[in-house]
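1. What follows is a protein structure lacking sequence information:
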């Protein structure tokens, strides 16, 4: 769509930090930067040129915003360096505006507030695997309904306070009920 509207799309290959830094000006001019640097199974400290790429993405986004220019980082599956299982992260970590993950939401983002913040708006995109397939459930006709992109809105847990309990905010159950 961007190309049809007169925009352009460029692909760069930079296998070393030095080559990557030569592209700094071109990357800084981007209005949408895509973080698809590592797969979900990556572990250990970041190596070059990935570490430099993460720093460059974050710096380009920050400088564009400081200059009043639009610039969004879109993470594919998860921002680089966020563990999708538990939400832990190491530095440097990409700070995304939008994250598009696939098939289903990942537990790490539900479990960790900072991981959610770093992911930005969080979407789950279908890739053809029906949730029922995980349980071996197949419709009689073999056809699953079409899947749609879904935005996930996280709800923060609320702690029960003593005042809420005294005001009837608790759930009476089990031994020692006070209802």
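-> Good, I have the coordinates. Small disclaimer: the values here were computed from a predicted structure and weren't measured.
2. Could you use CA atoms for every contact and neighbour count after this?
-> Will do.
3. So residue 111 is in contact with residue 86, correct?
-> Yes. Assessed by CA atoms under 8 Å, residue 111 is found in contact with residue 86 at 6.5 Å.
4. And the helix or strand residue 51 falls within, what's buried?
-> When elements are assigned from DSSP states H and E, residue 51 belongs to helix 50-66. Residues of helix 50-66 classed as buried by neighbour count (16 or more other CA atoms under 10 Å): 50-54, 56-58, 60-62, 64.
5. Format the residues you listed as JSON lines; extra columns: distance to residue 16 and pLDDT.
-> Conversion of the buried residues of helix 50-66 to JSON lines gives the following (distance: CA to CA, whole Å; pLDDT from 0 to 100):
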{"residue": "50", "distance to residue 16": "9", "pLDDT": "92"}
{"residue": "51", "distance to residue 16": "10", "pLDDT": "93"}
{"residue": "52", "distance to residue 16": "9", "pLDDT": "93"}
{"residue": "53", "distance to residue 16": "10", "pLDDT": "92"}
{"residue": "54", "distance to residue 16": "13", "pLDDT": "95"}
{"residue": "56", "distance to residue 16": "13", "pLDDT": "93"}
{"residue": "57", "distance to residue 16": "15", "pLDDT": "93"}
{"residue": "58", "distance to residue 16": "18", "pLDDT": "95"}
{"residue": "60", "distance to residue 16": "18", "pLDDT": "94"}
{"residue": "61", "distance to residue 16": "21", "pLDDT": "95"}
{"residue": "62", "distance to residue 16": "23", "pLDDT": "95"}
{"residue": "64", "distance to residue 16": "24", "pLDDT": "94"}
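6. Export those as CSV, with columns for distance to residue 115.
-> Output for the buried residues of helix 50-66, formatted as CSV (distance: CA to CA, whole Å):
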residue, distance to residue 115
50, 19
51, 19
52, 21
53, 19
54, 16
56, 20
57, 17
58, 16
60, 21
61, 18
62, 19
64, 23
